[in-house]
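In: Only the shape, not the letters, is given here:
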């Protein structure tokens, strides 16, 4: 199991709009070999810094499956409009990849 | 779906020992209502700061199920020896909880 997380600091007050972007997007991730599941996850509000943490949370069978996706036309299509949403979050999304070392 | 993640900055060179702690622990999480699955996840090495990011990654049906566990005897037992492993990571583990807002 490989987990690809992209962390977004969504500006306070923009949370619903950010969620709507993800709810309304067309995704064809499930056409990709090794894709297991996708969730958009909402974390805590950081009141001092004025953002709510969100994470796109995508599970793949292996890191190789994830890497193959990042090089695919599917990936390019999934990100072609991503720039339009930059106004909703602070800075850049922060990518973190994880491999399972304990657990099924 | 609710995700409880605890992030650890494991000192470079201590990764295997840290993994072994988790591999060898006795867990009875699966006795808890609402528990879905547990993984220990290994992330990237931060060479500049001398640590590898790890995350305990526990999925629950709901945040209420997670909170009930944190108040249980099961939780107390699970953490009674946690202090012995502090030498393996920098600072304190950093907890982050997430609720699914998009995705099954």
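Out: Received the coordinates, thanks. The structure displayed is predicted, hence computed values, not measured ones.
In: longest single helix anywhere in chain A?
Out: helix A:15-24 (DSSP state H).
In: What are the contacting residues of it?
Out: Identification of contacts with helix A:15-24 by Cβ atoms under 8 Å, 6 or more residues apart in numbering or on different chains yields A:8, A:10, A:40, A:42, A:52, A:54, A:56, A:85, A:88-89, B:101-102. All C-beta spots, glycine's among them, are computed from the backbone N, C-alpha and C.
In: Counting only helices, which of the residues you listed make the cut?
Out: Per DSSP H, the subset of those in helices is empty.
In: taking those residues one by one, which sit in strands?
Out: A:8, A:10, A:40, A:42, A:52, A:54, A:56, A:89, B:101-102 (DSSP state E).
In: Now for residue A:82, how many residues are close by?
Out: Neighbourhood size, residue A:82 [other Cβ atoms under 10 Å in any protein chain shown]: 11.
In: gap between it and chain B?
Out: To chain B, residue A:82 is 15 Å away according to Cβ to the nearest Cβ, to the nearest Å.
In: same question, residue A:102
Out: Counting by Cβ to the nearest Cβ - residue A:102 and chain B are separated by 4 Å.
In: what's in contact with the one helix or strand in chain A whose mean pLDDT sits lowest?
Out: One helix or strand of chain A scores below all others by mean pLDDT, DSSP states H and E: helix A:73-79, with a mean of 89. Helix A:73-79 is contacted by residues A:25, A:27-29, A:31-32, A:69 when judged by Cβ under 8 Å, 6+ apart.
In: in that helix, what's buried?
Out: Using 16 or more other Cβ atoms under 10 Å in any protein chain shown as the test for burial, helix A:73-79 gives A:74, A:78.
In: Could you do stretch A:51-69 as well?
Out: The neighbour-count check on stretch A:51-69 (16+ other Cβ under 10 Å) flags A:51-60, A:63, A:65-66, A:68-69 as buried.
In: What about chain B: which of the residues you listed touch it?
Out: Among the buried residues of stretch A:51-69, the ones lying near chain B by Cβ under 8 Å from any Cβ of the partner chain are A:53-55, A:57.
In: hang on, the earlier thing: emit the PyMOL select command for whichever of the contacts of helix A:73-79 are buried.
Out: In PyMOL syntax, the buried subset of the contacts of helix A:73-79 is picked out as below (16+ other Cβ under 10 Å):
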select buried, chain A and resi 32+69
